[in-house]
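Visitor: Structure for the following, please:
(one chain, ligands or ions: 2)
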Amino acid sequence: MAKASVSDDCIDMVTPWNEYLSAKYKRSFAYHTVRNRLPVTVTQVIDHLSRSKEALVQTYGEGSREEIKQIIGYLSKLKNEMQTNKPLISLEANEVDASDWNNFLNTTEERLGRPLLWFADVWLHIECYLYRRIRESFALTKHLNQYDPFRHQKEEAFTGSLQAISVVGSYLLKLIESDAKIDTEQCVLQFLKLSLWGNRCDLSISGGKDISQVENPLDMISTLDELILVNDLQKVWSALNSTSSGPKIIDIIFDNSGYELFSDLCLAHLLVKLGLANKIRFHGKRVPWFISDVMEHDFHWLIQEMANQTRAPCLSKLSTMWKDFLSSGTWTYLTESFWTLPYSYDAMKQIDPELYNSFEGSKLLIFKGDLNYRKLVGDVFWPHTEKFSVALRGFEPAPLVTLRTIKADVVVGLQPGQAEKVAQKDTDWLVTGKYAVVSCLVK
Ligand SMILES: O=P(O)(O)OC[C@H]1O[C@](O)(CO)[C@@H](O)[C@@H]1O
Ligand SMILES: [Mn+2]
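Guide: Ligands and ions are numbered 1, 2, ... in the order given. Got it, this is the predicted structure:
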């Protein structure tokens with residue numbers, strides 16, 4: 001009998017413990033995401049292109065008119081493939097990571113003995129594949145080859161948060177310019193929390209709705225400690241404050257642009273100013289990713305946009321200092337392809353040994369956000385009391401910490417009974433970004 005709908009392929013149950021998160025489980029957030037949220041994301045890109053067509057043709061030339069039609073056709077086909085649970089197909093455009101992606105697809109197909117399907121396989125792989133296919137629709141064109149369909153939303157996420165950004169920026173400037181002795185530990189903990197809660201601003205969870213930070217984040221921070229379900233901030237402080245002889249290099253693996261990126265750079269500035277790091281390496285995405293993730297353009301755009309804020313002189317002052325950090329090499333911005341492959345981080349040593357080895361000398365790896373967390377723990381539905389060190393499955397290139405607001409249904413490191421207690425208060429505690437975890441692995 002013909003399937004009434006794709007969901008007939010899915011199992012009407014919650015994800016079993018220790019199983020991969022997957023849209024094959026109808027009661028999972030993965031199913032809701034693949035069934036309802038990702039089609040909306042594709043539709044929003046199509047709508048954006050349709051609405052901006054004339055402006056795009058103005059900017060990219062008459063040749064782009066036909067390409068816009070081509071991209072919309074490609075995206076409509078992609079949406080249909082997903083909604084009718086078609087096999088995942090190889091990438092066509094010859095980009096730096098295309099062979100890695102196609103190797104992943106072929107190797108997985110061989111292991112499974114069947115092609116990958118949207119409603120059967122690991123959510124992480126499916127969701128990353130969707131964004132990589134959105135990228136492909138532009139990579140197959142000439143005029144719009146480097147166009148970022150999410151840029152306008154990422155930029156609005158900054159301009160919409162300018163009030164909160166000014167508050168935090170002037171606070172940071174006062175701190176670093178004051179001669180008064182500051183409580184180093186308290187300041188670092190405060191800026192770690194600002195960076196953590198900055199992760200609430202993520203367009204993929206909000207479905208693109210405006211998520212600008214309007215409250216005063218400094219007031220907000222002090223009231224949120226009880227929402228941090230795993231709080232290893234003291235361990236992070238000890239790792240940062242350790243007087244180990246090694247180089248004081250810290251890596252920040254970025255998540256979202258806008259307010260979150262600003263809060264990450266404030267933390268990075270403080271760590272350098274306090275002598276806890278003498279080099280900070282930032283890692284961003286090579287292609288438009290999960291709507292709000294940072295690309296190199298977003299990074300430099302934000303710092304330049306701060307320089308333009310004549311009504312917030314603290315921001316233009318910070319912008320000058322941040323440009324100096326970049327030109328002196330204290331800060332470096334890196335874009336490795338690995339971050340936009342489908343792999344969870346236990347595969348890094350094998351897939352990108354150069355990247356893995358580059359972390360060996362790092363004092364601390366700071367992973368921001370939910371997708372990085374899912375890649376750290378492998379998108380497995382671990383029991384919530386499973387140890388973070390076990391869930392990492394051998395990914396330990398250096399001391400690391402995850403600053404993550406919870407937006408997907410996987411969390412480890414909780415105490416017995418803790419998940420049940422939170423769920424009584426908020427049934428959707430796993431997917432709203434209201435709660436957070438700060439989990440640290442020190443070597
Ligand atoms: O920007 P973040 O914090 O990585 O959030 C991305 C997360 O948002 C979601 O789209 C929300 O479900 C997840 O699929 C993904 O892990
Ligand atoms: Mn993100």
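Visitor: Listing request: residues of the protein with sub-threshold pLDDT.
Guide: 1-8, 208, 214 (pLDDT under 70).
Visitor: if you set the cut-off to 90 instead, what comes out?
Guide: 1-9, 13-14, 179-182, 200-223, 242-247, 310, 360-361, 443 (pLDDT under 90).
Visitor: list the contacts for the residue sitting nearest the centre point of it?
Guide: For the chain, residue 255 is the residue whose C-alpha lies nearest the centre (Cα atoms, centre = their mean; 3.2 Å). For residue 255, the contacting residues are 199, 202, 292, 293, 294, 368, 369, 370, 371, 372, by Cβ atoms under 8 Å, 6 or more residues apart in numbering. The C-beta positions use only the backbone N, C-alpha and C, and glycine is treated the same way.
Visitor: Can you tell me how far it is from residue 95?
Guide: 22 Å (Cβ to Cβ, to the nearest Å).
Visitor: burial count for residue 431?
Guide: The number of residues packed near residue 431 is 18, by other Cβ atoms under 10 Å.
Visitor: all strands of this structure, in order?
Guide: 228-231, 249-253, 279-284, 331-335, 364-368, 400-405, 436-441 (DSSP state E).
Visitor: that older thread, would you point out the most distant pair within the contacts of residue 255?
Guide: Farthest pair in those (Cβ to Cβ) is 294 and 370. Separation: 14.5 Å.
Visitor: Tell me where the stretch 251-400 of the chain has helices.
Guide: With DSSP state H, counting those that start in this stretch as the criterion, the stretch 251-400 of the chain has helices at 259-273, 296-307, 313-328, 348-351, 353-358, 370-377, 388-391.
Visitor: And those helices: which comes nearest ligand 2?
Guide: helix 370-377 (5.5 Å; Cβ to the ion).
Visitor: now the closest one: how far from the chain's centre is it?
Guide: 9 Å (Cα atoms, centre = their mean, to the nearest Å).
Visitor: again, but for stretch 240-258
Guide: 17 Å.
Visitor: End to end on that stretch, go ahead and measure it.
Guide: The first residue of stretch 240-258 is 26 Å away from its last residue (Cα to Cα, to the nearest Å).
Visitor: hmm, that stretch touching ligand 1?
Guide: Yes. Contact between stretch 240-258 and ligand 1, assessed by Cβ under 6 Å from any ligand atom, occurs at 255, 256.
Visitor: For that stretch, list every residue counted as buried.
Guide: By 16 or more other Cβ atoms under 10 Å, the buried positions in stretch 240-258 come out as 240, 248, 249, 250, 251, 252, 253, 254, 255, 256, 257, 258.
Visitor: show me what contacts the fifth one?
Guide: When contacts are counted by Cβ under 8 Å, 6+ apart, residue 251 is found next to 280, 281, 282, 283, 359, 362, 364, 365, 366, 398.
Visitor: switch the cut-off to 10 Å
Guide: 277, 279-283, 334, 358-359, 361-367, 397-398, 400 (Cβ atoms under 10 Å, 6 or more residues apart in numbering).
Visitor: same thing with the fourth one?
Guide: Residues counted as contacts of residue 250 (Cβ under 10 Å, 6+ apart) are 239-240, 267-268, 271-272, 276-282, 362-366, 398-399.
Visitor: interface residues of the stretch 151-300 of the chain facing ligand 2?
Guide: 202, 255, 256, 290, 293 (Cβ under 5 Å from the ion).
Visitor: and the first one, how many neighbours?
Guide: Going back to what we said before, that points to residue 202. 25.
Visitor: Please list all residues in contact with residue 420.
Guide: Residue 420 makes contacts with 384, 414, as judged by Cβ under 10 Å, 6+ apart.
Visitor: how is the protein carved up into domains?
Guide: Structurally, the chain divides into domains by the TED database as follows: 19-140, 150-441.
Visitor: Please pick the buried ones from the contacts of residue 250.
Guide: Going by neighbour count (16+ other Cβ under 10 Å), the contacts of residue 250 have 239-240, 267-268, 271-272, 276-277, 279-282, 362-366, 398-399 buried.
Visitor: Which pair of the buried residues of stretch 240-258 spans the longest distance?
Guide: For the buried residues of stretch 240-258, the farthest-apart pair by Cβ to Cβ is 248 and 258; their separation is 28.3 Å.
Visitor: number of nearby residues for the residue nearest to residue 48 when sequence neighbours are not counted?
Guide: Leaving out its chain neighbours, the residue that sits closest to residue 48 by Cβ to Cβ, 6 or more residues apart in numbering is residue 149, at 5.8 Å. Counted with other Cβ under 10 Å, the neighbours of residue 149 add up to 22.
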